[in-house]
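S.K.: Generate a structure from the sequence data that follows.
(2 chains)
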Amino acid sequence: MSLLGFLTRGRSSAPVARDRLQVLLAHERALSSRSDLVAVLQKEILAVIARHLPIEQDKVVVKLDRGAKVSTLEIDIEMPDEAVQRG
Amino acid sequence: MSKVMVVTSGKGGVGKTTSTAALGAALAQQNQTVAVVDFDVGLRNLDLVMGAERRVVFDLVNVVQGDAKLAQALIRDKRLENLSLLPASQTRDKDALTEEGVGRVIEELRERFDWIICDSPAGIEKGATLAMRFADVAVVVVNAEVSSVRDSDRIIGLLDAKTRLAEQGDRLDKRLLLTRYDPARAARGEMMKVEDVLEILALPLLGIVGESPDVLTASNMGAPVTLHSPASAPALAYMDAARRLLGEDVPLTAPAQRQGLLSRLFGRKAAA
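M.R.: Numbering: from 1, shown residues only, chains lettered A, B, ... in the order given. Next comes the predicted model:
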């Protein structure tokens, strides 16, 4: 690595800023009329499951990962064994 | 025909008020009659930047509520007789403004001025939406920085949804004004480049104003930068922007990179 390269290493944060913004804004624009979409999805999915199984709200973990091409909504529900056996 | 122009940004501190004062003065220097209107009710500052803070008697809220006539509240600039200021109230809050009342004041201003420039408060609440409500032209002030660009994107969405023109299905003329730009930092990859911001926000560029001590000095002195130091780089950038607003085709020149000894040395090394 040249002296210049060493001195300027890690300084090019601008491309990172640009890329982060492009991903974020693509999502925010798509959701601008439905900014609560994730919350709505979560609520409705849980309601469907709750019809069949008892769910404790604090045993539910919701994760959202916004990617450039694909986003994932992950809903992790801990089901007690007796509930599954009963169902 | 008169034009109503909102200067907006979402984020605070990017240069809305400075730009309102500078563009207002620049348009007045181009022989337009101009009224600059401060919509930042409760936190007014346009009067201070324009150097009219000791002459405020009535304000926008007084006129909207019918406590004062428009002519009583307008403050004529001491340097440019075709430039006037309608200050915001310092004591009331933004709920003192109503859409109907603001619309009436804007209509009255349209009869007297070529340009009505509305200085929006930061944020996306009532003050900001009322400032943009009746606009024909929107100037979105943005810095090449992540939070400013994100907030500008949000504001562009509001301009497309909440303005009267947009609701009528007409096109609002939206332009981007890139302020506090530091070409040296952009060249080193520390700040997003002009092209990055333009690509993300996809609006035509009204101008680029470089980060400059002249802007702060002008504010300190209570004068729009185009009046205080007309030969300075930011003043020239605002003058060009004003001419573009008047429909002139003025080529864009990016702010020159002021090179220090160190960056000159590095520049040479990089080239070698």
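
S.K.: Give me the packing partners of the top helix by length along chain B, helices and strands only.
M.R.: Using DSSP state H to define each element, chain B has its longest helix at helix B:146-162. Under the contact definition 3 or more C-beta pairs under 8 Å, 6 or more residues apart in numbering or on different chains; DSSP states H and E, helix B:146-162 sits against helix A:14-30, helix B:126-133, strand B:137-142, strand B:173-181, helix B:194-201. Yep, even glycine has a C-beta here, placed from its N, CA and C like the rest.

S.K.: Tell me which helix or strand comes right after that helix.
M.R.: helix B:164-167 (DSSP states H and E).

S.K.: circling back to that earlier point, what comes up buried for the longest helix of chain B?
M.R.: B:146, B:148-160 (16 or more other C-beta atoms under 10 Å in any protein chain shown).

S.K.: Same check on stretch B:37-56?
M.R.: For stretch B:37-56, by 16+ other C-beta under 10 Å, it's B:37-42, B:44-53, B:56.

S.K.: So what would you say the end-to-end distance of that stretch is?
M.R.: Terminal residues of stretch B:37-56 lie 13 Å apart, using C-alpha to C-alpha, to the nearest Å.

S.K.: And for stretch B:167-183?
M.R.: End-to-end distance (C-alpha to C-alpha), stretch B:167-183: 38 Å.

S.K.: Let me see the mean pLDDT of that stretch.
M.R.: For stretch B:167-183, mean pLDDT is 95.

S.K.: Compute the distance between residue B:216 and chain A, please.
M.R.: Distance of residue B:216 to chain A, computed by C-beta to the nearest C-beta, to the nearest Å: 25 Å.

S.K.: Please name the residues that touch residue A:24.
M.R.: By C-beta atoms under 8 Å, 6 or more residues apart in numbering or on different chains, residue A:24 lies in contact with A:66, B:150.

S.K.: what number of residues lie near whatever residue of the stretch 51-200 of chain B ends up closest to chain A?
M.R.: Across the stretch 51-200 of chain B, the shortest distance to chain A (C-beta to the nearest C-beta) belongs to residue B:189, at 3.2 Å. For residue B:189, the count of nearby residues is 17 (other C-beta atoms under 10 Å in any protein chain shown).

S.K.: for residue A:66, same thing?
M.R.: By other C-beta under 10 Å, neighbour count at residue A:66 equals 15.

S.K.: Next, it: phi, psi?
M.R.: When quoted as degrees, to the nearest 10, the phi and psi of residue A:66 stand at phi -90, psi 110.

S.K.: correct me, but it touches residue A:23?
M.R.: Yes. Residue A:66 lies in contact with residue A:23 (C-beta atoms under 8 Å); the separation is 6.4 Å.

S.K.: Would you mind naming what in the stretch 51-200 of chain B lies close to chain A?
M.R.: B:144-146, B:149-150, B:153-154, B:157, B:186, B:188-193, B:196, B:199-200 (C-beta under 8 Å from any C-beta of the partner chain).

S.K.: all helices for the chain, in order.
M.R.: Just so you know, I chose chain A. Per DSSP H, chain A has helices spanning A:3-8, A:14-30, A:37-50, A:81-86. These are given in chain order.

S.K.: That was the other one, I meant chain B.
M.R.: So, for chain B - with DSSP H - the helices run B:16-29, B:46-49, B:60-64, B:70-73, B:99-112, B:126-133, B:146-162, B:164-167, B:183-187, B:194-201, B:213-221, B:225-228, B:233-245, B:261-271.

S.K.: Out of the ones you listed, which is the most enclosed?
M.R.: Comparing these by mean neighbour count (mean count of other C-beta atoms under 10 Å in any protein chain shown), helix B:16-29 comes out on top with a mean of 29.

S.K.: Quick one: mean pLDDT over it.
M.R.: So the average pLDDT for helix B:16-29 ends up being 98.

S.K.: again, but for stretch A:26-37
M.R.: Mean predicted confidence for stretch A:26-37 is 69.

S.K.: Can you check the distance spanned by stretch B:159-178, start to finish?
M.R.: 18 Å.

S.K.: neighbouring contacts of it?
M.R.: Residues contacting stretch B:159-178 (C-beta under 8 Å, 6+ apart): B:7-8, B:15, B:19, B:129, B:132-144, B:152, B:156, B:194, B:197-198, B:201, B:203-209, B:241, B:244-245.

S.K.: low-scoring pLDDT stretches of chain B, where are they?
M.R.: Across chain B, the ranges flagged by pLDDT under 70 are B:256-272.

S.K.: Quick check: nearest residue in space to the residue of chain A found nearest chain B, chain neighbours excluded?
M.R.: In chain A, the residue that lies nearest chain B is residue A:12 (3.2 Å; C-beta to the nearest C-beta). The shortest distance from residue A:12 to any non-neighbouring residue, by C-beta to C-beta, 6 or more residues apart in numbering or on different chains, is to residue B:189 (3.2 Å).

S.K.: mind listing what the spatially most central residue of chain A touches?
M.R.: The centroid of chain A falls nearest to residue A:64 when counting by C-alpha atoms, centre = their mean (0.8 Å). By C-beta under 8 Å, 6+ apart, the residues touching residue A:64 are A:38, A:71, A:72, A:73, A:74.

S.K.: So residue B:30 sits against residue B:247, correct?
M.R.: No. Between residue B:30 and residue B:247 there is no contact under C-beta under 8 Å: 11.1 Å.

S.K.: if you count what's nearby, which of those two comes out ahead?
M.R.: residue B:30 (17 against 6).
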